[in-house]
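> Turn this into a structure:
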Amino acid sequence: MISKTREKLIEKGLFITAIFSIIAILLIIVFIFREGFPIFQGYGVTNFIFGMDWAPSDGKYGIFTMIVGSLYITFLSLAIAVPLSILCAIFMAEVSPEIMRRILKPVIETLAAIPSVVYGFFGLIILVPFIRSSLGGTGFGLLTASLILTVMIMPTIISVSEDALRSVPLEYKEASLALGATQWQTIRKVIFPAALPGIITSIILGMGRAIGETLAVIMVAGNVTQIPSSILDPVRALTSNIALEMGYATGLHYSALFGTAIILFFVIMALLVVANYFHYKKKIVIGGGYL
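Sure, this is the predicted structure:
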């Protein structure tokens, strides 16, 4: 009787915690939309989203260049991080000796715990001068920001992907090897497809951190409101725009920054919806036996 009562109390406690989490998220969303609505009403949705000029002192609040900058930084960092992270996860899960895995695992987890300002300082002191001297330009730009984000999101993708690979039932591997497949064929044809939904989840988590990162991007991206014509050009992300100008913004400028947060919210939601669609689609196909 006591154990049943305790179990019910735990269930109620977890339910209340979940409800409070949902309420907190809804309150944040309501606050952001309430503060950002005046910019859409006073400046126009189309002018705000597709405007090419951001000059609050002149009454110009176009954020299209920053939307493009955020997407460029995110996708370039993912293009570099995803192959490296998946290969590292496969190595740790299926190839490396146990002693090496015990060394690599805490090192990668430590990388995930390093504050973003430290990554920003690393990029500022090491990457910016290196890119400036070897590739040209100022060193502050799309490539530098993407490289910093690559290092920042790799630990997340590696850890989750490795867990997904190691969670594949051992019978899959044994059956493949028993049929004469090599280790690499087993990894490529059996283990990797079975773990793909979890790997896609890791990419979603990495993408969420990449597009939401602020401080490190501010320090190395250059923060120029333009559509870059090369990977060496400086860019400004949506998050950087909010952080740089929120301290002194007033009136419509203040509302425009909250409007930027609303657009960032919708961009993230759109990317997550697309990624989750492929995640669940692949999960259903694998569940149906189409490996």
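> Identify, by residue count, the longest helix of this structure.
helix 2-43 (DSSP state H).
> Let me know the average pLDDT across that one.
Per-residue pLDDT over helix 2-43 has a mean of 86.
> Pull the distance from whichever strand or helix holds I158 to the chain's centre.
Element membership of I158, judged by DSSP states H and E, is helix 142-166. Chain-centre distance of helix 142-166: 9 Å, with C-alpha atoms, centre = their mean, to the nearest Å.
> Please apply the same query to stretch 128-144.
23 Å.
> which stretches of the stretch 1-150 of the chain have low pLDDT?
Low-confidence segments of the stretch 1-150 of the chain (pLDDT under 70): 1-2.
> how about the helix or strand that the helix holding I158 is followed by: buried residues?
Sequence order places helix 170-178 as the next helix or strand after helix 142-166, per DSSP H and E. By 16 or more other C-beta atoms under 10 Å, the buried positions in helix 170-178 come out as 172-173, 176. Using the backbone N, CA and C atoms, a C-beta is placed for each residue, glycine as well.
> Which elements pack onto helix 170-178?
helix 183-186 (3 or more C-beta pairs under 8 Å, 6 or more residues apart in numbering; DSSP states H and E).
> Show me how far the helix it packs on is from its chain's centre.
Worked out by C-alpha atoms, centre = their mean, helix 183-186 lies 30 Å from the chain centre.
> following that helix, which helix or strand comes up?
With DSSP H and E, the next secondary element past helix 183-186 is helix 192-212.
> Next, count neighbours for I204.
Number of residues near I204 (other C-beta atoms under 10 Å) recorded here: 19.
> If we ignore the residues flanking it in sequence, what's nearest it?
A275 (4.5 Å; C-beta to C-beta, 6 or more residues apart in numbering).
> Which helix or strand contains that neighbour?
Counting by DSSP H and E, A275 is found in helix 251-287.
> Below-threshold pLDDT in the stretch 151-291 of the chain: ranges please.
For the stretch 151-291 of the chain, the stretches with pLDDT under 70 are 278-291.
> go again using 80 as the cut-off
For the stretch 151-291 of the chain, applying pLDDT under 80 flags the ranges 271-272, 274-291.
> re earlier: got the angle for the helix holding I158 vs helix 192-212?
Orientation check (axes from the mean of the first three to the mean of the last three C-alpha atoms, to 10 degrees): helix 142-166 against helix 192-212 gives 140 degrees.
> before we move on, the earlier item: just list what the longest helix of the chain packs against, helices and strands only.
Using 3+ C-beta pairs under 8 Å, 6+ apart: helix 2-43 touches helix 251-287.
> buried ones in the helix it packs on?
For helix 251-287, the buried set under the neighbour-count rule, 16+ other C-beta under 10 Å, comprises 252-265, 267-268, 271, 275, 279, 282.
> How about stretch 205-215?
Buried-residue list, stretch 205-215, by 16+ other C-beta under 10 Å: 205-211, 213-214.
> Show me how far it is from its chain's centre.
Distance of stretch 205-215 from the chain centroid (C-alpha atoms, centre = their mean) equals 4 Å.
> Stretch 17-31 too?
Stretch 17-31 sits 22 Å away from the centroid of its parent chain (C-alpha atoms, centre = their mean).
> now stretch 269-277
Distance, centroid of stretch 269-277 to centroid of chain: 12 Å (C-alpha atoms, centre = their mean).
> just stretch 53-62 next, same as before
28 Å.
> going on from the helix or strand where V117 lies, what's the next piece of helix or strand?
Using DSSP H and E, V117 sits within helix 116-122. Where DSSP H and E defines the elements, the next helix or strand beyond helix 116-122 is helix 128-134.
> before we move on, back to that, kindly reformat the buried residues of stretch 205-215 as JSON lines containing distance to T150.
What follows is the buried residues of stretch 205-215, written out as JSON lines (distance: C-beta to C-beta, whole Å):
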{"residue": "L205", "distance to T150": "15"}
{"residue": "G206", "distance to T150": "9"}
{"residue": "M207", "distance to T150": "12"}
{"residue": "G208", "distance to T150": "15"}
{"residue": "R209", "distance to T150": "11"}
{"residue": "A210", "distance to T150": "9"}
{"residue": "I211", "distance to T150": "14"}
{"residue": "E213", "distance to T150": "11"}
{"residue": "T214", "distance to T150": "17"}
